[in-house]
Structures are given as C-alpha cells and as structure tokens.
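J.: Return atomic coordinates for the entry below.
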Amino acid sequence: MAHGSPTVDRRMARVAFASMAGTAIEAFDFLAYGTAAALVFNKLFFPSLDSATGTLAAFGAFASGLFARPLGGILFGHFGDRVGRKSILIASLVLMGLCTTLIGLLPTYDDIGIWAAVLLVALRIGQGVSFGGEMGGAVLMAVEHAPPKSKSFYGSLPQAGAPIGILLSTGAFALVNLLPNETFLQWGWRIPFLASAALIVIGVFIRMKVEESPDFTAVQAQRKVSRLPVRDVLVHHWKPLLLAIGGKLAEVTLVYTIIVFSISYATGNLGFSRADALNAVMIGSVCQIVTIPLFGWLGDRVGARRLYIAGTLLLTVMAVPLFHAMGTGSLPIYTAAAVVALALNYAMIFGPQSSLYAAQFPPELRYSGISIGIQVAAAIGGGLAPLIAATLVARLGGIGSVGIYLSVLGLIGAVSAWGMKPTASD
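T.: Residues are numbered from 1 along each chain as shown. Now for the predicted structure:
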C-alpha cells in the first residue's frame, strides 16, 4: 500500500506514538535516579561519607546503571534479533517499571545500613539492563516501519521521547521540591519513583497495539534469523560497531554532563537553588521536544550522516565557551547555556542518529548492532561523565575543563561519523 494512504498513515502514527511514549516512560524512570542522585541520594544512602565523597558515591551508583546498559543491549539485542522487536520492547518496559517502583519503596541507610546502598545499586543495574534494550528496539520499530524518504524523521520521534522523560523527571522533582526540605528528604523524593507503576501500565497497553517490524518479518520469511546475532556482529561487523561507539560518545556524554553533573555543580558550587538548576534543564527539554524531530526531518533532506558530522563538529567548537558560560555564576547565563547545549547541539546530533545507525547493520543483526554500539558508548560516556566532570573540576578548578573534555569527544564523533556508511538521504 502506498505511503500517504490513510491505512499507512494511521499505522505510522501508531508506531511513532508507541515508540515515543515507551521511550519517554523508560527515560523518566532511568533519569529520575540521576536527578535524585544529584539532590538527595548522597544524604539518604551514603550519609557516613562527607558531602563531596557522598556525591561521588551517588554518581558512582548512577554510573552502575549505565555500565549495565551494554549487558541489556546484548541480552535484549539477542532476543530482539531472534524473536522480534515488539515482545522484547514490552519486556524491557516491564523490567524498568518494576525496578523503578522498588527504588521508591527502598529503606534508607538509617533503616538498614549499608544494605540500603547495596539494594539501590542492584535496582539501578536492573534499570540499566532494561534501558540497554529499550533504545535500540524503539528506534528500530520507528525506522523499520517508516517509508524510505522519512526514516530520519520517524527515527527521531522515539529520540524525542527522551527529553519528554527528562521533562517528566525534572518536573516531578521540581514539584516535590516545593515540599518542606525535611518532608522532601523523608518521603517526597519517593513520589516520582512510585508514579512509575501507573506509567508502565499505560506504556505496555500502547505497545501491545503495534504490529511487528516489517523488516524483521521479512528476515523471518527469508529464514535469515541469526542463531547468535551478537557473535555475528562482533565477528563480521566490528568496524561499524566501533564507529557507532565513537560517534555516540560525544552526544551521550554531553547530555549526562548537563542533566546530572551540572545540576550538582550549580547547587553545590554556584549557590543556585535546586529549583533554579532543574528549571534550566526543563526549559532545554521542552525545546528538545521540537528540535530533535526538526533535526530528524532535516536529516531526510540534507543527509543524516552529513548532519551528524556537522553536529559533532559544532560541539567541538562550542563546548569550551558553553561550559565557561555555565560557570560564570549568573543564573540567566547558566540557563541559556544549558538550553543551547540540549536543544541545539545535542538535538542536532541525536535527531538523525537512529536512521544513520540503522543503516550500519543488516536487518537480521540490527537490534544487536545498534544496542551494543549505543549502550557501550553510554557506559563509557554517560556512566563516567559525572565522575570525570567532578574530578576535572576538583583537580583543575573551574568548569571550563569539562568543555575541553567534551570538545575532544566531539572531534572523535565527527571522525567516526565520517567513516560510517551513508544513508539513502546522504
């Protein structure tokens, strides 16, 4: 049936909505921990440590979730390439919801001592495994259902679910932050985590209404399903895998530096209130909901690979001035820098990413290839981002050194994207 017919348009609308909604819910769950790590977890789960060490410990537990994401990419990628995209995406959503809800029910250090931190890390790892399978599958459902000339745009829609998740997470914490500080520390912080249970039920219902990916259906019909897709990716497609990792590092490090480290830096070093720091991220996230699909749309017109290279080069040039601006101590300048970083530079890289990465792997290995690539990069870049940024600031003084770190990663990203296969739009 031709693209543009009512049936095809309805199917694409359903797929796009399901991909975006599911990713938004998973991102909300996963990023709620990051916000809580910056605001309260050092006090509630690592109180025996001094403030700076406790913050590093909370970020270390945050990083454990990102280090678990490659495991999720391998696990869910294997079954996504073996049994299909749809059922695996539903499973990842259920696992995320269970782990997030249990975090909201956890006793703190005052209740059970060190076991509180152990359980927190265990649940964070469960979140990481779930998220490791989510992003690759969600973007594949969108890209593989999309017509050839709109793959970058439709692939950007689940990506736009991520800032919706950031918005929901930071917005939820901004609301509970209105509670008196003692109440917030006692039980207010739990509300965003417990709200996850209702969101997961909605997300599963939406995803059950979506058809299986036509590309995977074709793989099954042609009996090309790989017995060990992860092995086949590592043995036969290691070069695009390495390029995917290198291309992803800059973008994922940028976003986690802004939404996790900069909030901690703004409240701890610049004297901003929690609400001020959260509002800056919220404004950037609202703008991203528009700019990520905009850059996805642009990727279909100028080429996803060309746009990706331009975005990473822009980061190479802009990173140092952006982070110098964030460290001035001026709230308007801090907010403007955070918005530019998230809504312009990050969106320019993130928007065309799905269609570019999907083009690097054959359909029978695509779930595994994309998932491993982006999740290994997330572990290296996102997992270490707050720790490296905090260490750079502590040793070198000033936040400008973080900009140099990101500028180097931007250059690595540009070189990696240049080495990738072009998409149909390039």
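J.: and residue 143, how far is that from residue 162?
T.: Distance from residue 143 to residue 162, counting by Cβ to Cβ, to the nearest Å: 16 Å. Yep, even glycine has a C-beta here, placed from its N, CA and C like the rest.
J.: Please disregard the earlier target; I meant residue 337.
T.: Counting by Cβ to Cβ, the gap from residue 337 to residue 162 is 20 Å.
J.: ditto for residue 255
T.: 8 Å.
J.: Kindly report the same for residue 379.
T.: For residue 379, the distance to residue 162 (Cβ to Cβ) stands at 17 Å.
J.: Helices of the stretch 101-250 of the chain, start to end?
T.: 109-112, 114-145, 151-176, 181-183, 190-194, 196-208, 214-221, 229-236, 238-256 (DSSP state H, counting those that start in this stretch).
J.: CSV for those, including mean neighbour count?
T.: Below are the helices of the stretch 101-250 of the chain laid out as CSV (neighbours: other Cβ atoms under 10 Å):
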stretch, mean neighbour count
helix 109-112, 12
helix 114-145, 25
helix 151-176, 25
helix 181-183, 10
helix 190-194, 19
helix 196-208, 18
helix 214-221, 16
helix 229-236, 17
helix 238-256, 24
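J.: mind putting these in CSV, distance to residue 96 and mean pLDDT included?
T.: Below are the helices of the stretch 101-250 of the chain laid out as CSV (distance: least, Cβ to Cβ, whole Å; pLDDT from 0 to 100):
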stretch, distance to residue 96, mean pLDDT
helix 109-112, 24, 86
helix 114-145, 4, 86
helix 151-176, 11, 86
helix 181-183, 27, 84
helix 190-194, 11, 89
helix 196-208, 7, 83
helix 214-221, 22, 90
helix 229-236, 21, 94
helix 238-256, 18, 94
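J.: out of the ones you listed, nearest to residue 411?
T.: helix 238-256 (8.2 Å; Cβ to Cβ).
J.: Now do whichever helix or strand comes after the closest one: which elements does it pack against?
T.: The helix or strand immediately downstream of helix 238-256 is helix 262-268, counting by DSSP states H and E. Helix 262-268 is packed against helix 51-67, helix 274-302, helix 304-326, helix 331-339, helix 383-396, with contacts defined by 3 or more Cβ pairs under 8 Å, 6 or more residues apart in numbering; DSSP states H and E.
J.: again, only this time at 10 Å
T.: helix 6-36, helix 51-67, helix 274-302, helix 304-326, helix 331-339, helix 383-396 (3 or more Cβ pairs under 10 Å, 6 or more residues apart in numbering; DSSP states H and E).
J.: do you know which of these lies nearest residue 188?
T.: Taking the helices and strands packed on helix 262-268 one by one with Cβ to Cβ, helix 6-36 is closest: 10.8 Å.
J.: State the mean pLDDT of that closest one.
T.: Averaged across helix 6-36, pLDDT comes to 76.
J.: Return the distance of it from the chain's centre.
T.: The chain centroid and the centroid of helix 6-36 are separated by 12 Å under Cα atoms, centre = their mean, to the nearest Å.
J.: Next, the angle from that helix to helix 214-221.
T.: Here the directions of helix 6-36 and helix 214-221 differ by 110 degrees (axes from the mean of the first three to the mean of the last three Cα atoms, to 10 degrees).
J.: What residues of helix 6-36 count as buried?
T.: Neighbour counts using 16 or more other Cβ atoms under 10 Å place 11-12, 15-16, 18-36 of helix 6-36 among the buried residues.
J.: returning to that earlier point: list residues touching both of residue 255 and residue 162?
T.: Counting by Cβ atoms under 10 Å, 6 or more residues apart in numbering, the shared contacts of residue 255 and residue 162 are 31, 288, 346, 350.
J.: and which of those residues is nearest to residue 248?
T.: Using Cβ to Cβ, the shared contacts of residue 255 and residue 162 come closest to residue 248 at residue 350, 9.7 Å.
J.: ok, and the closest non-adjacent residue to residue 295?
T.: residue 351 (2.9 Å; Cβ to Cβ, 6 or more residues apart in numbering).
J.: Repeat that for residue 109.
T.: residue 116 (4.8 Å).
J.: again, but for residue 200
T.: Ranked by Cβ to Cβ, 6+ apart and with sequence neighbours excluded, the top spatial neighbour of residue 200 is residue 97, at 3.0 Å.
J.: and the one you found, what helix or strand is that in?
T.: Using DSSP H and E, residue 97 falls in helix 85-105.
J.: and that helix, how far from the chain's centre?
T.: The answer for helix 85-105 is 15 Å, by Cα atoms, centre = their mean.
J.: got it, and stretch 200-211?
T.: Distance, centroid of stretch 200-211 to centroid of chain: 20 Å (Cα atoms, centre = their mean).
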